[in-house]
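Enquirer: Predicted model and sequence below, questions to follow.
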Amino acid sequence: MATVTNSGSSKQDTSILDSEVIIANTRRLAPEIERRADEIASLRRLPADLVAQLKAAGVFRMSMPRAWGGPEMTPREQYDVYEILGAADASVAWCVKIGSDSGYYAALLDDSVARTVYKELDDVTAGQVPPNGKAERVADGYRVSGRWTFGSGSTHADVMIGGCLITENGQPIMTGTGPITRVIAAPASSFEVLDTWHSTGLAGSGSNDYRTTDLFIPAAHTFSLQERSQRTEPLYRYPGMFLASWHGVALGLARRAIDATTSIVQNKLSVFPPPPIPLRQRPHARVALAKAEMEWRAARAFTYDVIDQLWDAVQRGNDVSTDGRLAMMQSLSFAFRTARHVTQEMYDLVGTTAVFSTKTPLDRLLRDAITMSQHLLLGDSFLEIVGGAMLGDPAPQLGIL
């Protein structure tokens, strides 16, 4: 059975990198990732040798189709990988989540084109979908210029994507529902990565700005999440499937926070209120741990329920219903909000001990949980759209709703 080693080499027999092996490789690599958390944060990017090990483990190929030799892992299997990595280090988990979306984007391109964009199964994707660039329509394609933000994993990406407004003579091309937008896909070498990621949360994710000027992109190298996949396999039937397992990053982090706090509570002396007694004997500590476990299990159960419903629908050859899409976005927001709340509660429970990085990971975990929760799709502004759809408002044309 092929497994990853700690040599940093990506050379191995990749023909049997199936879901079982990839999950096992991830578990085996997790302790090293955990040990290197300080290094990752100080570098503000993933170390090159760790990226090589992650590629060797197979985590970046999770969504690649079997027709290409990929594992085509189910959303539940992908969730397991993200949860393991989320507990080890959130920056690594975040980068793997973004970087392993390659198969989903490839499925929106013609197969022959996709194979030229993604030359290797382990090619890493970085970039963002919102249309922060402009693509001027020209013969056979577009001339693209723009600057995008939050390019997580930009420092080790093989392919970059970027959302663009389609223009003609410099002006957006309008339709009855608004301007036309497309997402471009191009080699990472076509973009300049700007050193802008100076953050206390997800510090090692390399979520830099990136830009390009007057880059020619063939029309066939663009896609839209509103379009049907070019592939017929269940994994690619719903354009928003790349979001369905993202929860694992947050819930893996929350699991680590609960476990770390439980260990501290077992041994910490509580001074107030007098007399000093072991913290594990304080009622508030016992209640806080019990509540945290309840919340984590509730968020995980919600996640599993939604994943299973989505997967059942696409396996039957059906489109995911509006209710299913809304539930997916609700479960996603709930998972990240739960992770942030649980980690804050655990941080507060252990008191001053939490501020010492040599004693506990809680300070980093809390900063990571807060930063993750600021994502555009996780805030109240997006839940406003979800709530509006529940009340009968037409959902915006985002592909995921």
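Expert: Okay, I see it. Numbering: from 1, shown residues only.

Enquirer: Which residue of the protein lies farthest from its centroid?
Expert: Ranked by distance from the centre of the chain (Cα atoms, centre = their mean), the top residue is residue 275, with 46.3 Å.

Enquirer: so that one sits in a helix?
Expert: No - the assignment for residue 275, made by DSSP: H, G, I helix; E, B strand; the rest coil, is coil rather than a helix.

Enquirer: The helix or strand hosting residue 214: how far from the chain's middle?
Expert: For residue 214, the host element (DSSP states H and E) is strand 208-218. Distance of strand 208-218 from the chain centroid (Cα atoms, centre = their mean, to the nearest Å) equals 23 Å.

Enquirer: Just the strands from the chain, written as ranges.
Expert: Along the chain, counting by DSSP state E, strands occupy 125-138, 141-151, 159-168, 171-172, 174-175, 178-179, 181-187, 192-194, 208-218, 222-223, 269-270, 277-278.

Enquirer: of those strands, which approaches residue 338 most closely?
Expert: strand 141-151 (22.4 Å; Cβ to Cβ). All C-beta atoms are positioned from the backbone trio N, CA, C, and that covers glycine.

Enquirer: Which elements pack onto the closest one?
Expert: strand 125-138, strand 159-168, strand 181-187, strand 208-218 (3 or more Cβ pairs under 8 Å, 6 or more residues apart in numbering; DSSP states H and E).

Enquirer: ok, residues contacting the last one?
Expert: The reference is to strand 208-218. With Cβ atoms under 8 Å, 6 or more residues apart in numbering as the test, strand 208-218 has contacts from 113, 126-127, 133, 135, 138, 140-149, 151, 154-155, 160, 162, 184, 186, 190-197.

Enquirer: Tell me where the model's unsure across the protein.
Expert: The chain contains residues with pLDDT under 70 at 1-15.

Enquirer: Where do the domain boundaries of it fall?
Expert: 14-106, 125-223, 237-390 (automatic domain parsing).

Enquirer: now the ones you listed as JSON lines including distance to residue 231?
Expert: JSON lines is the format used below for those (distance: least, Cβ to Cβ, whole Å):
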{"stretch": "domain 14-106", "distance to residue 231": "6"}
{"stretch": "domain 125-223", "distance to residue 231": "12"}
{"stretch": "domain 237-390", "distance to residue 231": "8"}
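
Enquirer: and among those, the most buried is which?
Expert: Across the domains of the chain, averaging neighbours per residue (mean count of other Cβ atoms under 10 Å) puts domain 14-106 on top, at a mean of 22.

Enquirer: State the distance from residue 27 to residue 293.
Expert: 22 Å (Cβ to Cβ, to the nearest Å).

Enquirer: do residue 356 as well
Expert: From residue 356 to residue 293 the distance is 24 Å (Cβ to Cβ).

Enquirer: Kindly report the same for residue 70.
Expert: If you go by Cβ to Cβ, the gap between residue 70 and residue 293 works out to 36 Å.

Enquirer: Centre-most residue in this protein?
Expert: Residue closest to the average C-alpha location in the chain (Cα atoms, centre = their mean): residue 97, at 3.5 Å.

Enquirer: pretty sure it is in contact with residue 247, am I right?
Expert: No - look at residue 97 against residue 247 with Cβ atoms under 8 Å: they stay out of range, at 10.0 Å.

Enquirer: hmm, back to that, could I get the helices and strands packed on strand 141-151 as JSON lines with distance to residue 373?
Expert: JSON lines is the format used below for the helices and strands packed on strand 141-151 (distance: least, Cβ to Cβ, whole Å):
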{"stretch": "strand 125-138", "distance to residue 373": "17"}
{"stretch": "strand 159-168", "distance to residue 373": "22"}
{"stretch": "strand 181-187", "distance to residue 373": "24"}
{"stretch": "strand 208-218", "distance to residue 373": "20"}
